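K.L.:
Structure, please.
(chains A and B)
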Amino acid sequence: GESVGLHLPTLSVQEGDNSIINCAYSNSASDYFIWYKQESGKGPQFIIDIRSNMDKRQGQRVTVLLNKTVKHLSLQIAATQPGDSAVYFCAENAGGTSYGKLTFGQGTILTVHP
Amino acid sequence: GAGVSQSPSNKVTEKGKDVELRCDPISGHTALYWYRQSLGQGLEFLIYFQGNSAPDKSGLPSDRFSAERTGGSVSTLTIQRTQQEDSAVYLCASSAGAVGQGAYEQYFGPGTRLTVT
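P.N.:
So this is what the prediction gives:
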């Protein structure tokens, strides 16, 4: 079946560096993508989203890039801080009648070293 | 509280017993979702309620799993005759629901950790 997956399961960076977390998707009908952050023992927390009619969206210290040609999504975190250490999930929505139903990737563990 | 709450936070049960997990969504949110997360894995969609529409049950793994949403608010996920493979964290989320009104931004609760012995 179609799914969302991540290229890198783990990523270690030094505090202050920029981080890039990647995600591949295979459902060409997906029209909405979200990044979530999950800290240990907590539920996922919304970070940023992007619709398929855009290729870039910026938030506070985060940028999401969407390349529909190669079905690739990335999350860039600027000036990474120890508090950014968490598991990051990308998720997609294929729209249609279940527009709220998200398919999640497996996650990337980000570790930020002080 | 302003967020999604779930109870219990932890549940240990014996194989074969039934369990009920509760979710209180954010007030006013019309959409409610249940997911399952196994250790070190992503989230697996289970079921989705939107307003008064029939729920999307396409993610329920077997007929031992069922969910209800009473009065458009609180939801209960029931697992009958629990098996060891049901052990996981069960996460509930809610969203504003309507397209164009933050429908996709799902707010998650802290989850219920279920352990079946």
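K.L.:
Regarding the spatially most central residue of chain B, what is its secondary structure?
P.N.:
Nearest residue to the geometric centre of chain B (Cα atoms, centre = their mean): B:W34, 2.8 Å. At B:W34 the chain is in strand, as set by DSSP: H, G, I helix; E, B strand; the rest coil.
K.L.:
and A:L110, what helix or strand is that in?
P.N.:
strand A:108-113 (DSSP states H and E).
K.L.:
Report the buried residues of that strand.
P.N.:
Of the residues in strand A:108-113, A:T108, A:I109, A:L110, A:V112 count as buried by neighbour count, 16 or more other Cβ atoms under 10 Å in any protein chain shown. (Glycine included, C-beta is placed from N, CA and C.)
K.L.:
can you redo those residues as TSV with pLDDT and distance to A:S26?
P.N.:
Shown next, in TSV, are the buried residues of strand A:108-113 (pLDDT from 0 to 100; distance: Cβ to Cβ, whole Å):
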residue	pLDDT	distance to A:S26
A:T108	93	18
A:I109	93	22
A:L110	96	23
A:V112	96	30
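K.L.:
Which member of those is positioned nearest chain B?
P.N.:
Closest to chain B out of these is A:I109 (9.0 Å), distances taken as Cβ to the nearest Cβ.
K.L.:
List the residues that contact the closest one.
P.N.:
A:P9, A:T10, A:L11, A:A86, A:V87 (Cβ atoms under 8 Å, 6 or more residues apart in numbering or on different chains).
K.L.:
Kindly provide the distance from the fourth one to A:T80.
P.N.:
The one in question is A:A86. Separation of A:A86 from A:T80 (Cβ to Cβ, to the nearest Å) stands at 11 Å.
K.L.:
likewise the first one?
P.N.:
When distance is defined by Cβ to Cβ, A:P9 is 18 Å away from A:T80.
K.L.:
And these two? Which one has more around it.
P.N.:
Using other Cβ atoms under 10 Å in any protein chain shown, the more surrounded residue of A:P9 and A:T80 is A:T80, with 22 against 11.
K.L.:
re the thing from before, now the two most distant members of the buried residues of strand A:108-113.
P.N.:
Greatest spatial distance among the buried residues of strand A:108-113 (Cβ to Cβ): A:T108 and A:V112, at 12.8 Å.
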